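Peer 1: After the sequence you'll find the predicted model.
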Amino acid sequence: MIFLVMSLLKHVNLVNNKMDIEKNKLADVTRNTNFTTQTNLIILDDTVGVVETVKEVTVIPDKTDNGVNISTTLSDISVGGIYLQQFNDYGEYVSEGSSDKIEEPTIFNDIGSLPPDKSFYMFEQDTTRYKTITYTVTIIYDKETTVENLPPTPPTVTIEYDLEYVGSFTHTVNNSSTLGYNIIKDYYK
């Protein structure tokens, strides 16, 4: 049995020896603020006679974001970075030193797509309080189970290949009431 243990969890919930992962969210973060990498460990079944070998781990968010880094190994999953593209902001910019009277403005819908060295003159921030990102985890693994029999019968060994475990965890990204001010202050340093 394979299940994920998230580093900020209260407990792991196993029901009827079936895999499950805690449904608590990772610590909430504020949009456009760097958050440290949070790691989720993959825990293998430690039942006597059972050996599990992880072959592949994939993590897919339901909403992608260029500022967030997802990395996996055969023993853990890490998420870290900065959420830049989760909210539907609206803004317009022109070439530096130009104006919307001289050239057609370019529209941007998230802070992550605002290029450097432009003159942006309009920014309407999305007023949604928060967004929840769901990360779906798929683990491909092999499982070997050995059952001891009474002598003289040798042990029974069962090998299952390419088993799949699918679970998920969530991350809440809070909006910021000072984002517009901070963006202008940081952009025009």
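Peer 2: That came in fine, so what should we check first?

Peer 1: switch to C-alpha atoms for all contacts and neighbour counts from now on
Peer 2: OK.

Peer 1: tell me the mean pLDDT for stretch 103-118?
Peer 2: Stretch 103-118 carries an average pLDDT of 88.

Peer 1: again, but for stretch 83-92
Peer 2: Rounded to a whole number, the mean pLDDT of stretch 83-92 is 92.

Peer 1: swap in stretch 139-158?
Peer 2: 91.

Peer 1: could I get it in CSV with only the CA atoms?
Peer 2: C-alpha atoms of stretch 139-158 as CSV (Å, rounded to 0.1, in the frame of the first residue of the first chain):
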residue,chain,number,x,y,z
ILE,A,139,2.2,6.7,-8.6
ILE,A,140,3.1,3.6,-10.6
TYR,A,141,4.6,0.8,-8.6
ASP,A,142,5.3,-2.9,-8.4
LYS,A,143,4.3,-5.0,-5.3
GLU,A,144,5.8,-8.3,-4.2
THR,A,145,3.9,-10.2,-1.5
THR,A,146,5.4,-13.2,0.3
VAL,A,147,3.2,-15.5,2.3
GLU,A,148,4.9,-18.1,4.5
ASN,A,149,3.4,-21.5,4.3
LEU,A,150,3.8,-24.5,6.8
PRO,A,151,6.8,-26.6,6.0
PRO,A,152,7.6,-28.4,3.8
THR,A,153,5.6,-26.1,1.4
PRO,A,154,7.7,-23.2,0.2
PRO,A,155,6.5,-19.6,0.6
THR,A,156,4.0,-18.2,-1.9
VAL,A,157,5.3,-15.2,-3.7
THR,A,158,3.0,-13.0,-5.7
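
Peer 1: And it, what's buried?
Peer 2: Within stretch 139-158, the residues scored as buried using 16 or more other CA atoms under 10 Å are 139-141, 143, 145.

Peer 1: tell me which element the residue lying farthest from the centre of the chain is part of?
Peer 2: Farthest-out residue of the chain from its mean C-alpha position, per CA atoms, centre = their mean: P152, at 51.5 Å. For P152, there is no enclosing helix or strand under DSSP states H and E.

Peer 1: Just want the phi and psi numbers for it.
Peer 2: P152 adopts backbone torsions of phi -90, psi 10, taken as degrees, to the nearest 10.

Peer 1: How about K131?
Peer 2: Backbone torsions of K131, given as degrees, to the nearest 10, read phi -130, psi 150.

Peer 1: Assign T158 to helix, strand or coil.
Peer 2: Using DSSP: H, G, I helix; E, B strand; the rest coil, the secondary structure recorded for T158 is strand.

Peer 1: In contact with it, which residues?
Peer 2: Contact analysis of T158 by CA atoms under 8 Å, 6 or more residues apart in numbering lists 144-146.

Peer 1: do that again at 10 Å, thanks
Peer 2: With contacts defined as CA atoms under 10 Å, 6 or more residues apart in numbering, the neighbours of T158 are 50, 143-147.

Peer 1: nearest to V57, of those residues?
Peer 2: Taking CA to CA as the measure, V57 lies nearest K143 of these, at 15.3 Å.

Peer 1: give me the number of residues near T134?
Peer 2: 17 (other CA atoms under 10 Å).
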